[in-house]
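Enquirer: pasting the structure only:
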């Protein structure tokens, strides 16, 4: 697609529920990233995919968070047993890889609210 | 890990004035420094970036300078316009095997008064 697409744009859930957030990167971009942005803060790195594999998941806060990218394109961020502290905007970004590997294009984000 | 400090947290200028935002980083291995502009409720948008083999880069009214020795870099906006009002984030990328693993500063809220 023309840009990075994220769905849903808004998600309200109750504490303890399971949530999936989807990211559709720019066509042809091999690298995909998830970041989390809390109110008034800069984005924080969560996980990075190169192709289908997670190249770096050091930013995932705990084992309730998991992400997949099974076919090297669309990615899903999964959050189990949600907590109020998980409330934030989850941003996805993609990059072309190679020399432009770190030139990220961000999506509009999925705003998660845990009640 | 990398730590990026950004100042000031808020900046208010009159239209036509210049605005300068400064960032420092801690990891000397960092080699890529992008700046993002984020309007309320919108996505962060890359406005300019600089790599460690360059000291300065300009794009129309926007310029970025990098001092690797001092580990700081700055964003300069000249002839500011009301549409420049937004939150600006600096970031640093350590490269290596994790390209794109950016560490962001805390952001600067820029307000340009007409």
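Expert: Received it, and whenever you're ready, just let me know what you need. Since this is a predicted model, take the numbers as computed values, not measurements. Numbers count the residues shown, from 1 in each chain, chains lettered A, B, ... in the order given.

Enquirer: residue contacts, whichever residue of chain B sits closest to chain A?
Expert: Scanning chain B for proximity to chain A using CB to the nearest CB identifies residue B:104 as nearest, at 3.1 Å. The way it works is simple: take the backbone N, C-alpha and C, and place the C-beta from them, glycine included. Residue B:104 makes contacts with A:42-44, B:4, B:36, B:89-91, as judged by CB atoms under 8 Å, 6 or more residues apart in numbering or on different chains.

Enquirer: so of those residues, which ones are in strands?
Expert: A:44, B:4, B:36, B:89-91 (DSSP state E).

Enquirer: Need these in JSON lines (columns: pLDDT, neighbour count and distance to residue A:110).
Expert: Shown next, in JSON lines, are the ones in strands among the contacts of residue B:104 (pLDDT from 0 to 100; neighbours: other CB atoms under 10 Å in any protein chain shown; distance: CB to CB, whole Å):
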{"residue": "A:44", "pLDDT": "97", "neighbour count": "17", "distance to residue A:110": "15"}
{"residue": "B:4", "pLDDT": "97", "neighbour count": "23", "distance to residue A:110": "24"}
{"residue": "B:36", "pLDDT": "98", "neighbour count": "25", "distance to residue A:110": "18"}
{"residue": "B:89", "pLDDT": "98", "neighbour count": "27", "distance to residue A:110": "19"}
{"residue": "B:90", "pLDDT": "98", "neighbour count": "29", "distance to residue A:110": "24"}
{"residue": "B:91", "pLDDT": "97", "neighbour count": "28", "distance to residue A:110": "21"}
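
Enquirer: Which one of the residues you listed is nearest to residue A:94?
Expert: residue B:36 (14.8 Å; CB to CB).

Enquirer: ok, and the closest non-adjacent residue to that closest one?
Expert: residue B:44 (3.9 Å; CB to CB, 6 or more residues apart in numbering or on different chains).

Enquirer: Just to check, the one you found is in contact with residue B:89?
Expert: Yes. Between residue B:44 and residue B:89 there is a contact under CB atoms under 8 Å: 6.4 Å.

Enquirer: got the contact list for residue A:82?
Expert: Taking CB under 8 Å, 6+ apart, one finds A:13-19, A:64, A:112, A:114 in contact with residue A:82.

Enquirer: repeat that for 6 Å
Expert: Residue A:82 makes contact with A:13, A:17, A:19, A:114 under the criterion CB atoms under 6 Å, 6 or more residues apart in numbering or on different chains.

Enquirer: now those: which count as buried?
Expert: A:13, A:19, A:114 (16 or more other CB atoms under 10 Å in any protein chain shown).

Enquirer: Tell me the one among these nearest to residue B:54.
Expert: Out of those, the member with the shortest distance to residue B:54 (by CB to CB) is residue A:19, at 41.7 Å.

Enquirer: Now the closest one. Nearest residue, chain neighbours left out?
Expert: residue A:79 (4.7 Å).

Enquirer: Tell me what that neighbour is bridged to.
Expert: Using DSSP bridges, the bridge partners assigned to residue A:79 are residue A:19, residue A:65.

Enquirer: helix or strand for residue A:94, which one?
Expert: Residue A:94 belongs to strand A:88-95 when elements are defined using DSSP states H and E.

Enquirer: Phi and psi next, for residue A:64.
Expert: Backbone geometry at residue A:64, expressed as degrees, to the nearest 10, gives phi -80, psi -20.

Enquirer: Could you verify my assumption that it touches residue A:81?
Expert: Yes. The pair residue A:64 and residue A:81 passes the contact test of CB atoms under 6 Å, sitting 5.5 Å apart.
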